[in-house]
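Engineer: Need the 3D shape of this:
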Amino acid sequence: MPGQTNETNRKEKATIDHDSPYYIHPSNYPRQMHVNEALTDGNYVDWSQEMTNFLFAKNKIGFIDGTKKKPIPSAAECMGVDGTMIKGWLNTAMEKEILDSVKYARTGEEMWKDLKKIFGKLSAPRAYELKQILSITRQEEASVSTYFTKLHVLWDELQLVLPSP
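Structural biologist: Got it, this is the predicted structure:
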């Protein structure tokens, strides 16, 4: 029976934890597009929110916010999370010109920080532009809910690019 204990231990070690952030589902591959629009020069706020939601749903957000680190390659929990998958998802979700500016990042976390540095800073010019758009936005023939939604989107972006003190 001692051999049976060793066999049981091996099986327990080989069990895959599907809830682990290190687990990659077989249906995932790096070149999948997981956001509605690729990152462009003018949609960083929306794109980053959508990508954050996607990575959170996949239990991978820790790999871009720095709370999860890449495991040692021999770790059983690794299951393919070596940054390649997350970098692939990010690469697929941006225009080539933008990708060229971050393609040499070593990790998804480094790539995410680079993108935030390039696009995520407080932007007085963008805030001015949003204020201008708000001042000329009219309901015209739109429904109240459509008009309100349009204003709400502008207010939300304005709050992100120029937060109140």
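
Engineer: May I see the buried residues of stretch 136-148?
Structural biologist: Neighbour counts over stretch 136-148 (16 or more other CB atoms under 10 Å) mark no residue as buried. To be clear about C-beta, it is placed using only N, CA and C from the backbone, and glycine gets the same treatment.

Engineer: mean confidence for it?
Structural biologist: Averaged over stretch 136-148, pLDDT sits at 94.

Engineer: Point out where the protein drops to low pLDDT.
Structural biologist: Within the chain, the stretches with pLDDT under 70 are 1-15, 26, 29-33, 70-83, 121-122, 163-165.

Engineer: can you give me the helices in it?
Structural biologist: 2-14, 44-57, 62-65, 84-92, 96-102, 108-119, 124-136, 144-161 (DSSP state H).

Engineer: P21: which of the ones you listed is closest?
Structural biologist: When the helices of the chain are compared by CB to CB, helix 62-65 sits nearest P21, at 5.5 Å.

Engineer: Mind putting the helices of the chain into TSV with distance to S20?
Structural biologist: Output for the helices of the chain, formatted as TSV (distance: least, CB to CB, whole Å):
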stretch	distance to S20
helix 2-14	14
helix 44-57	15
helix 62-65	11
helix 84-92	14
helix 96-102	27
helix 108-119	17
helix 124-136	39
helix 144-161	32
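
Engineer: who wins for proximity to Y22 among those?
Structural biologist: Among these, helix 62-65 sits nearest to Y22 (CB to CB), with 9.3 Å.

Engineer: returning to what we had before: I24: which of the helices of the chain is closest?
Structural biologist: helix 84-92 (5.8 Å).

Engineer: in the closest one, what's buried?
Structural biologist: M85, I86, K87, G88, W89, L90, N91, T92.

Engineer: Give me the angle between that helix and helix 108-119.
Structural biologist: 20 degrees (axes from the mean of the first three to the mean of the last three CA atoms, to 10 degrees).

Engineer: chain center to helix 84-92: distance?
Structural biologist: 10 Å (CA atoms, centre = their mean, to the nearest Å).

Engineer: Who are the packing partners of that helix?
Structural biologist: Helix 84-92 sits against helix 44-57, helix 108-119, with contacts defined as 3 or more CB pairs under 8 Å, 6 or more residues apart in numbering; DSSP states H and E.

Engineer: Contacts for the shortest one next, please.
Structural biologist: Yep, that's helix 108-119 we're talking about. 39, 44, 48, 63-66, 83, 86-87, 89-90, 94, 98, 101-102, 105 (CB atoms under 8 Å, 6 or more residues apart in numbering).
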